[in-house]
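Novice: what follows is a protein structure lacking sequence information:
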């Protein structure tokens, strides 16, 4: 692991790091904020998964999480959203919603993506190992959140590993990719036409198929351009109601899909995570 | 005035606006955050002047000021740092510290800069008029802060109009451009060789020449690469001590010159301004 940069912020250290990933076969960059802490202390870890077109940098610069992470003693980890590099396959038309910057947190089985697009294993297995090894992280206290495509990632990963992630929340998540255009492009593109494979990467389908967490927190802007066509939080609401999952779904009037929205509610999410992380 | 974008954030509105400036003879872009407020209310205005290479966008995205401005009821205005456009003169070598992105908050008298580089009049006269006209601003309650070159701007403007700006503070300001390399390039470049003209754009010289404010707040990172050669806060400290200005100069161990530093201490500055703005 190589240190790209570190900056003192809010009494802690905001770092950006790079490593050669065995899962993606590429260099991967990620950011980690370590709050002020006592020597030898082990701190809970909040994972933040980013949305389409983003890298680690968007939330690191615009997420406004450091003040509260410093106050609450939380490590904050932000991975990239896809493998990158000259030999990494991209969408044929270089669209923003598939290929580079749009890994959808799956392990691709379809060519030409299967070789590098292994974001599920990267985020749930390889990167946690690296974090445990290099930071004062208490890996028994992890939680996960994300935005849009990263909200999809947070929900599907949280529902798949309910014991590992003590809190799961999302900003404007894609809750049912099997039922919306973004997913109709990404899921067959990465996973092929077998819809059983899609269901493991669709929060609503996972819940329908029996996956459970105690509670979820979702904020959704009512002025979000993607709300009606791509996000459809009502599908998550219905699935949670049926399954007995305590979903707090907050529709936020006036808010759009941007980091102005995320940064406004970041504090509520971090407080909610901290309470569950103990 | 044309609206470039507005986003709801922290209950208020973060806007970006553009207008044809009479001072610079170019289009100028700036950002304004208006916090939630009662209909008809007039709110105090905090001016934020940015540093070398920056536009309005840096602090707007990375400054982390909205939460507290919303809480304290402050309008936050961020102008650009220079005129821009194809016909605007730039540094001969396109260096970062003179010309485009480096207006130094002066009205240039030297060719080829005199035509467009009128940032002093733009920031102290033209833009305040536009703000008064278009936003719920109480222009009897203004304050000013800035970073680096913008800290220089905030200090010199605040010292020149002590009745207008109720609070003046800075992050890592250039306190004495007449005595450091950045100023040795910019001041003759914009103002010529008459050192009397320089003194009106040098905070330490202004104080030596009799300018007064009650109090100043300055934060300075000890790990700032520019500290020893360009910033020299000890010169401001000495001038304020001699003049009886209540300077709070806080040296911050570990902090550099970046927005990670600014965003950490933004809250302290806004609170300090709010107290003085009443």
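Specialist: Arrived safely, thanks for sending. Because the structure is a prediction, the values reported are computed rather than measured.
Novice: C-alpha only now, for contacts and for neighbours.
Specialist: Noted.
Novice: those strands in the stretch 151-278 of chain A, which residues are they?
Specialist: A:165-171, A:215-221, A:246-252 (DSSP state E, counting those that start in this stretch).
Novice: could those strands go into JSON lines alongside distance to residue A:116?
Specialist: Putting the strands of the stretch 151-278 of chain A into JSON lines (distance: least, Cα to Cα, whole Å) gives the following:
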{"stretch": "strand A:165-171", "distance to residue A:116": "26"}
{"stretch": "strand A:215-221", "distance to residue A:116": "30"}
{"stretch": "strand A:246-252", "distance to residue A:116": "34"}
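Novice: most packed of the ones you listed?
Specialist: Highest mean neighbour count of the strands of the stretch 151-278 of chain A: strand A:165-171, a mean of 28 (counted as mean count of other Cα atoms under 10 Å in any protein chain shown).
Novice: can you give me the neighbour number for residue A:243?
Specialist: 16 (other Cα atoms under 10 Å in any protein chain shown).
Novice: returning to what we had before: could you redo the strands of the stretch 151-278 of chain A as TSV and give each row distance to residue B:206 and mean pLDDT?
Specialist: TSV is the format used below for the strands of the stretch 151-278 of chain A (distance: least, Cα to Cα, whole Å; pLDDT from 0 to 100):
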stretch	distance to residue B:206	mean pLDDT
strand A:165-171	50	98
strand A:215-221	49	98
strand A:246-252	49	98
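Novice: turn those into JSON lines, including distance to chain B.
Specialist: Conversion of the strands of the stretch 151-278 of chain A to JSON lines gives the following (distance: least, Cα to the nearest Cα, whole Å):
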{"stretch": "strand A:165-171", "distance to chain B": "14"}
{"stretch": "strand A:215-221", "distance to chain B": "10"}
{"stretch": "strand A:246-252", "distance to chain B": "10"}
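Novice: nearest to residue A:157, out of those strands?
Specialist: When the strands of the stretch 151-278 of chain A are ranked by distance to residue A:157, counting by Cα to Cα, first place goes to strand A:165-171 at 8.5 Å.
Novice: which residue is nearest the centroid of chain A?
Specialist: Nearest to the mean C-alpha position of chain A, counting by Cα atoms, centre = their mean, stands residue A:49 at 2.2 Å.
Novice: residues contacting that residue?
Specialist: For residue A:49, the contacting residues are A:78-81, A:144-147, A:149-151, A:153-154, by Cα atoms under 8 Å, 6 or more residues apart in numbering or on different chains.
Novice: in the stretch 101-250 of chain A, what residue is nearest chain B?
Specialist: The shortest separation between the stretch 101-250 of chain A and chain B is 9.2 Å, found at residue A:223 (distances taken as Cα to the nearest Cα).
Novice: counting contacts, what elements does the lengthiest strand in chain A pack onto?
Specialist: Of all the segments of type strand in chain A, defined by DSSP state E, the longest one is strand A:137-147. Under the contact criterion of 3 or more Cα pairs under 8 Å, 6 or more residues apart in numbering or on different chains; DSSP states H and E, strand A:137-147 touches strand A:43-49, helix A:127-134, helix A:149-160, strand A:165-171, helix A:259-277.
Novice: Serialize the ones you listed to TSV and add fields for distance to residue A:192.
Specialist: TSV is the format used below for the helices and strands packed on strand A:137-147 (distance: least, Cα to Cα, whole Å):
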stretch	distance to residue A:192
strand A:43-49	24
helix A:127-134	26
helix A:149-160	18
strand A:165-171	27
helix A:259-277	32
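Novice: who in chain A is up against chain B?
Specialist: A:7-10, A:61-62, A:64, A:67, A:254-256, A:260-261, A:263-264 (Cα under 8 Å from any Cα of the partner chain).
Novice: can you tell me which of the residues you listed end up in helices?
Specialist: Taking DSSP state H as the definition of helices, these contribute A:61, A:62, A:67, A:260, A:261, A:263, A:264.
Novice: any idea of the pLDDT on the first one?
Specialist: When you say that, I think you mean residue A:61. pLDDT recorded at residue A:61 is 98.
Novice: run through the residues that contact it.
Specialist: Each residue near residue A:61 by Cα under 8 Å, 6+ apart is listed here: B:61, B:62.
Novice: state the distance from it to residue A:169.
Specialist: The spacing between residue A:61 and residue A:169, counted by Cα to Cα, to the nearest Å, is 20 Å.
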